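Participant: need a 3D model of the following:
(one chain, ligands or ions: 1)
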Amino acid sequence: MKFLEEIENEIKKAIEEIGATQDVGLVFSDRPEISDFQTNVSFILAKTLKKSPLVIANEICGKIKSHKFNIFAVAPGFINVKLEDAYFSEIFEKMFNDERIGIEKLNPKKIVFDYGGPNVAKPLHVGHLRSAVIGETLKRLSKFMGLDVVSDVHLGDFGLQMGLTIAQIMEEFNCDYYFTGNGEKPIITANDLENLYPKASLRSKTDEQFKKLAQEITVKLQNKQKGYYDIWQEIRRISVEDVKTIYDILNVSFDKWYGESDSEDFIPKVFEILNNKNLIEISDGAEIVNVAKESDTSPMPPVIVKSSAGANLYATTELATIVSRLEEFSPNEIWYLTDNRQSMHFNQIFRVCKLAGLGDDVNFLHIPFGTVNGEDGKPFKTRSGSVMKLIDLIDIIVKACEEKLVESGKVLSQEEIKPLALKIGIAALKFGDLINYPAKDYVFDIPKFCSFEGKTGPYMLYSIVRINSILEKAKGFDAKFVINSKEEKDVIISLLKFVQDVKNATIEHAPNIFVQSAYNLASAFSTLYNSTKILTEEDVIKRNSLLTMIKLVKKALEIFCYLLAIDVPEKM
Ligand code: ARG
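Facilitator: Okay, here's the model as predicted:
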């Protein structure tokens with residue numbers, strides 16, 4: 001934040017005057033009753049200046065005179081800064097007049113976002129939730145921070161699962177249409193697909209012949225052989241349509257709907273690069289790349305780039321996708337969002353890139369996330385113990401929110417209740433996810449997520465709805481701000497922390513940082529609201545000031561909603 005930098009620079013100058021040089025980092029004070037910001041710079045200087053931190057802190061503070069803030073040393077040597085109320089008001093006004101509420105952009109760079117990762121012919125399940133939710137928010141956050149982003153869903157559409165599904169289809173449907181052009185086109189639905197793959201996958205575990213057939217079909221498909229390739233295109237179309245409806249509900253969207261298959265044309269290039277660097281070895285008929293290092297303390301298996309049956313594997317399309325992305329987008333960074341079980345895969349891939357000199361100046365980043373668990377601490381499942389489909393998970397939370405609305409006795413018509421429950425449910429789901437550090441597992445706690453009180457999505461929406469209602473009732477007012485109470489001061493500090501944490505969350509790739517700050521802001525507003533009369537305040541200056549303040553809170557919370565891609569209802 002600009003004003004903070006200005007104060008830091010003044011402290012830096014004072015340090016130079018006492019004969020040292022040192023960068024100063026001011027942080028929010030952990031003793032808000034005495035100061036707003038503090039720094040431990042004198043502890044760092046103690047070694048070079050050979051004086052006690054407290055003596056140094058006093059010397060530095062003695063050199064600074066400002067009408068904007070008070071600066072003083074506190075034992076054992078912290079430098080504390082307390083802003084004058086008038087200066088706070090000045091800072092506030094700048095935030096208020098800026099549509100970004102003072103959130104500065106970062107230096108531009110280009111980032112490819114790889115998230116979502118649905119698989120063709122398999123329905124989205126609970127495991128796909130976090131990639132979509134965290135990915136969408138990190139993408140929006142980066143965009144908001146001025147970075148140039150492009151998002152790619154990276155469909156899983158080219159592996160053995162496709163061969164398995166096609167083999168099963170050819171058994172259950174008459175596929176002449178695809179091979180000879182005779183007969184009717186078989187009608188395959190998204191529902192059919194849901195059953196076909198699990199059936200085929202189960203069968204391949206015991207039926208060797210079927211497995212072999214599926215492997216052969218996979219190779220034929222990868223060679224774009226007629227019939228197989230056409231069936232595959234049809235499956236892909238049905239699947240994508242199905243997946244898109246679910247992403248729409250979650251407000252998740254992608255610039256590119258590329259799949260593993262789109263990297264096909266770049267596979268020869270991958271082998272050319274690997275061969276040029278002599279990286280390929282043959283092992284049991286498969287082509288592998290050794291990526292282990294002497295310094296490894298845990299096993300690092302080789303990367304298989306061609307199976308003994310001649311098929312290209314997950315790692316092969318991964319590398320080919322990197323080649324294609326480098327050509328198409330020239331990114332500075334590529335961010336991959338998958339669950340932490342794929343950490344080894346990405347570690348291996350990034351090592352291959354390094355060995356092969358692929359994307360030498362590109363920062364490859366795997367952002368792993370934990371599992372969505374049930375109360376038993378194991379991955380969230382259906383009652384019967386099978387994998388929970390994502391659409392069912394959404395349904396559960398939306399229904400729970402609907403029940404809450406009915407219970408609350410709010411007068412809502414039948415037409416109002418469904419769309420409202422959907423908005424609240426999606427907010428509940430996303431907030432419940434994003435409040436956690438991505439790499440951490442969390443428990444999918446339905447009553448907690450849907451509660452209108454406490455650290456929840458519905459609470460956040462409710463705060464905005466309440467602010468909107470106050471502002472509407474207030475009609476017009478003069479936007480002018482003066483600090484009157486401790487509660488107002490707390491709101492401003494929370495606002496400043498939010499501003500800082502939007503940036504921190506981007507740098508740390510951790511949405512939970514700004515989500516927590518937004519929650520703190522909403523609760524600071526709530527404390528202010530409960531302790532202060534706003535609309536009925538007779539002192540016009542005070543009233544205007546309070547309204548100005550909550551309007552700024554609204555702006556901040558709207559940025560929060562944009563970043564989470566959640567919709568604010570008109571009332572709730
Ligand atoms: N389809 C994969 C899966 O379900 C996720 C893809 C993630 N992205 C990637 N570039 N590998 O496991």
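Participant: give the residue farthest from the middle of the chain.
Facilitator: Asn182 (48.5 Å; C-alpha atoms, centre = their mean).
Participant: which SS state does that one fall under?
Facilitator: Judged by DSSP: H, G, I helix; E, B strand; the rest coil, the three-state class of Asn182 is coil.
Participant: quick one, grab the pLDDT at the nearest residue to it once chain neighbours are set aside.
Facilitator: Excluding the flanking residues, the one nearest Asn182 by C-beta to C-beta, 6 or more residues apart in numbering is Asp176, at 4.9 Å. From N, CA and C alone the C-beta is placed, and that goes for glycine too. Asp176 carries a pLDDT value of 94.
Participant: please verify my assumption that Asp176 contacts Lys185.
Facilitator: No. With contacts counted by C-beta atoms under 8 Å, Asp176 stays clear of Lys185, the gap being 9.9 Å.
Participant: got the contact list for Gly25?
Facilitator: Neighbouring residues of Gly25 by C-beta atoms under 8 Å, 6 or more residues apart in numbering: 8, 39, 41.
Participant: can you list which of those are found in strands?
Facilitator: Among the contacts of Gly25, the members found in strands (DSSP state E) are Thr39.
Participant: weed out the non-buried ones from the contacts of Gly25.
Facilitator: Buried subset of the contacts of Gly25 (neighbour count, 16 or more other C-beta atoms under 10 Å): 8, 39, 41.
Participant: who in this protein is up against the ligand?
Facilitator: Residues of the chain lying close to the ligand by C-beta under 6 Å from any ligand atom are 114, 117, 119, 154, 156, 318, 336, 338.
Participant: residues of whichever strand or helix holds Arg237 that come out buried?
Facilitator: Applying DSSP states H and E as the criterion places Arg237 in helix 228-249. Residues of helix 228-249 classed as buried by neighbour count (16+ other C-beta under 10 Å): 228-232, 235-236, 238-240, 242-244, 246-247, 249.
Participant: next one: stretch 110-121
Facilitator: Within stretch 110-121, the residues that count as buried by 16+ other C-beta under 10 Å are 111-121.
Participant: ok, which stretches of the stretch 251-400 of the chain are strands?
Facilitator: Shown for the stretch 251-400 of the chain, the strands assigned by DSSP state E, counting those that start in this stretch span residues 280-283, 286-289, 303-306, 333-339, 363-369, 372-373.
Participant: tilt between the fourth one and strand 363-369?
Facilitator: Put plainly, it is strand 333-339. For strand 333-339 against strand 363-369, the angle by axes from the mean of the first three to the mean of the last three C-alpha atoms, to 10 degrees is 20 degrees.
Participant: would you put the C-alpha positions of strand 333-339 in PDB?
Facilitator: Taking Å, rounded to 0.1, in the frame of the first residue of the first chain, the C-alpha atoms of strand 333-339 are listed here in PDB:
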ATOM      1  CA  GLU A 333       4.300 -19.500 -15.800                       C
ATOM      2  CA  ILE A 334       2.000 -22.600 -16.000                       C
ATOM      3  CA  TRP A 335      -0.100 -23.400 -12.900                       C
ATOM      4  CA  TYR A 336      -1.500 -26.900 -12.500                       C
ATOM      5  CA  LEU A 337      -4.300 -27.500 -10.100                       C
ATOM      6  CA  THR A 338      -4.800 -31.100  -9.100                       C
ATOM      7  CA  ASP A 339      -5.100 -33.000  -5.900                       C
END
